[in-house]
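J.: For reference, the sequence and a predicted model appear below.
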Amino acid sequence: MSFVDRRPASTGLAALALTAALAGCAGPQAGGPSPQRPDFARQAACSSLLPASHGGPMPEGDTAVLRWLGTSNYELAYRNTVVLMDTFYDRPARTRPLGFDVKDVRRADAILIGHAHFDHITDVAPVAAATRAPVVGSAITATTAQKLGVPAAQTVTVRGGETLRYGDVTVRPTHILHSTIQPELIPALANLYRADGLGPLTEAEERQSKASSARGSWDPKIVTEGTMGFTLELPGGFNITWFDSVGDIHPDERRLAAELAGRMDVALFPWTPHPIAERQLAYTFQHLELFKPKLYVPTHHDHIWGVWLDNGLEPLFMKIRDELPGTRYASPLYRSPICLSTSGPTRGEFHVGR
């Protein structure tokens, strides 16, 4: 476990009271017991590995719980509201198991889809059918969701700038740009999997992988027109901004950054799938510099067999530590709760369960 606070030493003693106990996160890992769980995190939702969307415990009071569900999938549970971000659960063969199946997802009040590539939207139809929640995204996303089986009446098309409310969560979409992948990069990464002596996929594995990757859109306009970011605001102004891709900074992002200047509580931004850290840093860090979140949590950094590699977070975390001392960071394991205090004297404190 490790306590992570990257502010200057002058604030370090006060920061120890935050007890941000991190499992599988940045910083040296210790084998001893976790720091004491703060009072706001002494509840079932902050120790359970069962997501709220699967019937797990909901947080109490003004505690919010975030869970990483692989790739860029996240879940927010707050009061009586559950928001899902992306729905890519049935992943290609040999990709690391998430610890649950698509059929386990049965509760949501809103489904936000950042863009319609397969590794973000694959399971939108069964999740929408099981939860009856609206599917929110760009026009390309809405069209793709409908092709996958979501009723048109259950989709909500946004362009950016709208205000949507689901329970006690206000959702504001922002038009953003998708990252750019060089054409030769994807086959090069696929070759690495073949060259590393792990053997080819079986026929059954090939079928499963092709079926997963077919459930999405390859429309080139996704890069410039079809990608949305979302800011989720809770009562009292506590906010969480989630992007499932980061490319060059769009003017709408600058407007959002100006609106949230000095008060972005949590940023969920991708550590992009480029295998070379210097290239990744160019995309991700410019967004962290622009928004200067109080807490950064990465997305899109784990592998998809034959497509993306596991991407080590240390280069990014070291750069945050050295250049953005006001930003803390946490990298949870699949399904581990990140419990956030969103109000009162402990506002902004967080605890990450095992």
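T.: Nice, I can see it.
J.: Tell me where the model's unsure across this structure.
T.: For the chain, the stretches with pLDDT under 70 are 1-35.
J.: Please repeat the previous calculation with a cut-off of 50.
T.: Along the chain, the parts satisfying pLDDT under 50 run over 1-34.
J.: where along it do the helices fall?
T.: Ranges of helices in the chain, per DSSP state H, are 12-15, 118-121, 124-131, 139-147, 185-195, 203-213, 251-259, 277-291, 314-323.
J.: Burial-wise, tell me which of the ones you listed comes out on top.
T.: Mean neighbour count (mean count of other Cβ atoms under 10 Å) peaks for helix 118-121 among the helices of the chain, with a mean of 24. Any C-beta I mention is one placed from the backbone N, CA and C, and that applies to glycine too.
J.: Which elements pack onto it?
T.: In terms of contacts (3 or more Cβ pairs under 8 Å, 6 or more residues apart in numbering; DSSP states H and E), helix 118-121 is packed against helix 139-147, helix 203-213.
J.: how about those helices, which one is nearest Phe100?
T.: Of all the helices and strands packed on helix 118-121, helix 203-213 sits nearest to Phe100, with 15.7 Å by Cβ to Cβ.
J.: rewinding a little: could you provide the helices and strands packed on helix 118-121 in JSON lines, with additional columns for distance to Asp109?
T.: Supplementary listing: those in JSON lines, determined by distance: least, Cβ to Cβ, whole Å:
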{"stretch": "helix 139-147", "distance to Asp109": "17"}
{"stretch": "helix 203-213", "distance to Asp109": "26"}
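J.: Please name whichever of the ones you listed is nearest to Leu324.
T.: Nearest of the helices and strands packed on helix 118-121 (Cβ to Cβ): helix 139-147, 31.1 Å.
J.: which helices and strands does the closest one pack with?
T.: Helices and strands in packing contact with helix 139-147 are listed as helix 118-121, helix 124-131, strand 135-137, strand 155-157; criterion 3+ Cβ pairs under 8 Å, 6+ apart.
J.: who touches it?
T.: 113, 115-116, 121, 124-125, 128, 135, 137, 152, 155-157, 159, 216-217, 219, 221-222, 225-226, 228 (Cβ atoms under 8 Å, 6 or more residues apart in numbering).
J.: Give me the buried entries from those.
T.: 113, 115-116, 121, 124-125, 128, 135, 137, 155-157, 216-217, 222, 225-226, 228 (16 or more other Cβ atoms under 10 Å).
J.: out of everything not next to it in sequence, what's closest to Gly262?
T.: Lys292 (7.4 Å; Cβ to Cβ, 6 or more residues apart in numbering).
J.: Next up, the contacts around that neighbour.
T.: Residues Gly262, Met264, Leu324, Gly326, Thr327 are the ones in contact with Lys292 under the rule Cβ under 8 Å, 6+ apart.
J.: Let me see the contact set for His303.
T.: Counted by Cβ under 8 Å, 6+ apart, His303 has contacts Thr95, Arg96, Leu309, Asp310.
J.: ok, now Asp101?
T.: By Cβ under 8 Å, 6+ apart, the contact set of Asp101 is Tyr89, Asp90.
J.: Next one: it from Trp68, what distance?
T.: 17 Å (Cβ to Cβ, to the nearest Å).
J.: quick one, phi/psi of the residue nearest to Gly262?
T.: Lys292 adopts backbone torsions of phi 50, psi 60, taken as degrees, to the nearest 10.
J.: Which of the helices and strands packed on helix 139-147 sits closest to Ala44?
T.: Closest among the helices and strands packed on helix 139-147, using Cβ to Cβ: helix 124-131, at 21.5 Å.
J.: Can I get the closest one as PDB, trimmed to CA atoms?
T.: Extracted in PDB, the C-alpha atoms of helix 124-131 (Å, rounded to 0.1, in the frame of the first residue of the first chain):
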ATOM      1  CA  VAL A 124     -23.800  -1.200 -25.100                       C
ATOM      2  CA  ALA A 125     -26.800  -3.100 -26.400                       C
ATOM      3  CA  PRO A 126     -27.100  -5.800 -23.700                       C
ATOM      4  CA  VAL A 127     -26.200  -3.200 -21.000                       C
ATOM      5  CA  ALA A 128     -28.800  -0.800 -22.200                       C
ATOM      6  CA  ALA A 129     -31.400  -3.600 -22.400                       C
ATOM      7  CA  ALA A 130     -30.600  -4.800 -18.800                       C
ATOM      8  CA  THR A 131     -30.600  -1.400 -17.200                       C
END
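J.: same for that helix, what does it pack against?
T.: So helix 124-131, by 3+ Cβ pairs under 8 Å, 6+ apart, packs with strand 110-112, helix 139-147.
J.: what's the span of stretch 121-136 from first residue to last?
T.: End-to-end distance for stretch 121-136, by Cα to Cα, to the nearest Å: 11 Å.
J.: Name the residues that touch it?
T.: For stretch 121-136, with Cβ under 8 Å, 6+ apart as the criterion, the contacting residues are 53, 84, 86-91, 102-103, 105-113, 115, 141-142, 144-145, 148-150, 154-156, 158, 164, 171, 173, 212, 215-217, 230.
J.: returning to that earlier point: which one of the helices and strands packed on helix 139-147 lies nearest to Gly61?
T.: helix 124-131 (24.4 Å).
J.: relative to helix 139-147, how tilted is that closest one?
T.: If you take axes from the mean of the first three to the mean of the last three Cα atoms, to 10 degrees, helix 124-131 sits at 70 degrees to helix 139-147.
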